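# sequence unknown, structure follows:
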């Protein structure tokens, strides 16, 4: 079974068992077995003229390598390349090696749309792993729907979207937010909340959900809600306001360069987050962002997401080791990076379940696909193309890592159009 | 909104708010001074000003890394070493840019806008290639972090005090250089009348180069100081450029006093509005006010009277 002990990387982790539907079980085994005889002929698995030959299948990677978003998207590119390499090392997909074509969205939304069209129309790629901001996803969405492509989108986001052509591997807002608020109300006895965010769709939608949940479901109080323009670097006034209102929890969804300024100034203003008075809770700071903020500036804050690098399970240990082996010891892995890593694996499982690279068959096969080998643990694709996943609460330490202090018992159901939260 | 609070609480908050306004004022002055020299004195619209600032921030980053590994004992003063290095690094790059690019464009001031914007893109990508796309965390000496608690509520951020001190020092230094030194006299002579200045034997090209270098060097110091309060990444410079131009244009481009006055006006307006309204609305109102005043007084708050 294992024919892949070449190269230096620890590859034992690559025995990924994919639990797939019984109809596709035979094909799945054939793919894992690398035998050429078992490779199904191209004519059967590719009826729509995708870039699939007898031994190669082409996919696209579409992220920003240049421009402001390169800060965030680099990790996703690295994770996707790692997943593709690992899949190739264990024999590829339906006996075909994955080759990727990488395009640069350059942090510019029209460029994303243009490159998406190029990947789908000229390169005829079988799937695209990419995008990061909602703006870039919204820009490419019509392209994917018009030319019938498949996009695996890694970022946690505001929800309010569902396309047959997209698999959302990050959490939508309710999954990320509700469990964290429940936890802080129950475990920390929080009664009052101050909501804060950068001024664009994700923080605003997320805070809307948070406010509804705090007021309608928990029966607690929101004492302030504020938005600052993207790139804002001076938070002293709002910090004074927070000191005056004395909330139990500062719920912060600040992003980008503002993030760094916010936490540095919070600390400088004498708010010691380790004392939890007030407690700081965020959904926008992954381990990646902490590198810029500095662990000593955010120590004591809580974050709610589905993945932390410190997760203690075998899948994750192997993933972290492989990631560092490929990209360097000093790498850190955040929530989105892990979600990006799941993209190629979910696509592989869908292709094997469908027994075909055809986009329509993958769309149909995707709901119900399970991944037991994901670093975050077990995930499953919902009918609405989002993932069932657990939500965790992490406690920031001074070394830039989170300690996981809570994890939901059940998988959280993805609900991109939450009723009563809009 | 204040009904629920005691007088002492309100007093404390207004004191802190006043301090926050002063810190913002210092930040504005620090980032605008370099540009005021370049734009005001030379008429060059330097869109790459933010990138010169970030060069200073990266120098600080490298310097703090160096001290951490090579001489941990000297860490407490590393920041000031870094600041001096940042001045020279940004200044040197500024002079190079002046030699290679800007000096061909003095007669076409609007083209400097495009050229320096291109330069800013080049520099951003260079930082991205050299330092990586991710933001870097600058380790600062312990004593610069945290706050001084005066009362239960009033806590004075140390980094705010440091920014204010640096701003004061730089402003005084610039004032002395511009108004009390031979070099300053030459700069002012060139600004007022380039031909006459050349005719009396001033090497106008050299003055241009040094002036541009001085402006960029101050940007470097500002970037170095801002590692205390903001982010250091390839495109962090973009966070500052709009506010910087706002301050310089509002103050009256040719006047350094105008720059200081306009920084004070804008920072106090913004920080007060931010306290009473939300962040985005405060920004909108500040910008509207500035636009309104500039419509009535297009030359800015202060004007240097020059015969042209």
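Looks like it arrived, so ask away. Remember, predicted model here, so these are calculated numbers, not experimental data. Numbering: from 1, shown residues only, chains lettered A, B, ... in the order given.

# Then residue A:152 would be within a strand, right?
Yes. Counting by DSSP: H, G, I helix; E, B strand; the rest coil, residue A:152 is found in a strand.

# check which helix or strand covers the residue nearest to it when sequence neighbours are not counted.
Closest residue to residue A:152 apart from its sequence neighbours, by Cβ to Cβ, 6 or more residues apart in numbering or on different chains: residue A:343 at 3.4 Å. The way it works is simple: take the backbone N, C-alpha and C, and place the C-beta from them, glycine included. Taking DSSP states H and E as the definition, residue A:343 sits inside helix A:335-354.

# now that helix, how far from the chain's geometric center?
Offset of helix A:335-354 from its chain centre (Cα atoms, centre = their mean, to the nearest Å): 11 Å.

# Same check on stretch A:109-117?
On the basis of Cα atoms, centre = their mean, stretch A:109-117 sits 21 Å off its chain's mean C-alpha point.

# Tell me which residues of stretch B:33-50 come out buried.
Residues of stretch B:33-50 classed as buried by neighbour count (16 or more other Cβ atoms under 10 Å in any protein chain shown): B:33-42, B:44-50.

# quick one: average pLDDT of it?
Throughout stretch B:33-50, pLDDT has a mean value of 87.

# Kindly report the same for stretch B:16-28.
For stretch B:16-28, the mean confidence score works out to 88.

# Only the buried residues of that stretch, if you could.
B:16, B:17, B:19, B:20, B:21, B:22, B:23, B:24, B:25, B:26, B:27, B:28.

# how close does the closest residue to residue A:378 other than its chain neighbours get to residue A:313?
Once flanking residues are discounted, residue A:378 sits nearest to residue A:372: 5.4 Å by Cβ to Cβ, 6+ apart. For residue A:372, the distance to residue A:313 (Cβ to Cβ, to the nearest Å) stands at 11 Å.

# circling back to that earlier point, can you pull the contacts of the residue nearest to residue A:152?
A:80, A:83, A:129, A:152, A:154, A:167, A:169 (Cβ atoms under 8 Å, 6 or more residues apart in numbering or on different chains).

# Spatially nearest residue to the last one (excluding sequence neighbours)?
In this case it means residue A:169. The shortest distance from residue A:169 to any non-neighbouring residue, by Cβ to Cβ, 6+ apart, is to residue A:339 (4.4 Å).

# Can you report how many residues neighbour the one you found?
For residue A:339, the number of neighbouring residues by other Cβ atoms under 10 Å in any protein chain shown comes to 29.

# before we move on, what about residue B:181?
11.

# Tell me where the model's unsure across chain A.
Applying pLDDT under 70 to chain A flags residues A:1-38.

# give me that answer again for 50
For chain A, applying pLDDT under 50 flags the ranges A:1-37.

# Name the residue of it that lies nearest to chain B.
residue A:292 (2.9 Å; Cβ to the nearest Cβ).

# How about the residues of the stretch 151-300 of chain A by chain B?
When proximity is defined as Cβ under 8 Å from any Cβ of the partner chain, the stretch 151-300 of chain A approaches chain B at A:199, A:225-229, A:231-234, A:236-241, A:243-244, A:256-261, A:264-265, A:267-270, A:288-297.

# Of the residues you listed, which belong to helices?
Residues of those located in helices (DSSP state H): A:236-241, A:243-244, A:256-261, A:264-265, A:267-268, A:288-293, A:295-297.

# any chance you could map the helices in chain B?
Using DSSP H, helices in chain B cover B:7-35, B:42, B:49-70, B:75-100, B:109-131, B:158-180, B:182-192, B:194-199, B:204-226, B:238-251, B:256-276, B:279-296.

# could those helices be laid out in a markdown table, adding distance to chain A?
Output for those, formatted as a markdown table (distance: least, Cβ to the nearest Cβ, whole Å):
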| stretch | distance to chain A |
| --- | --- |
| helix B:7-35 | 3 |
| helix B:42 | 27 |
| helix B:49-70 | 11 |
| helix B:75-100 | 14 |
| helix B:109-131 | 6 |
| helix B:158-180 | 5 |
| helix B:182-192 | 31 |
| helix B:194-199 | 37 |
| helix B:204-226 | 8 |
| helix B:238-251 | 4 |
| helix B:256-276 | 4 |
| helix B:279-296 | 4 |
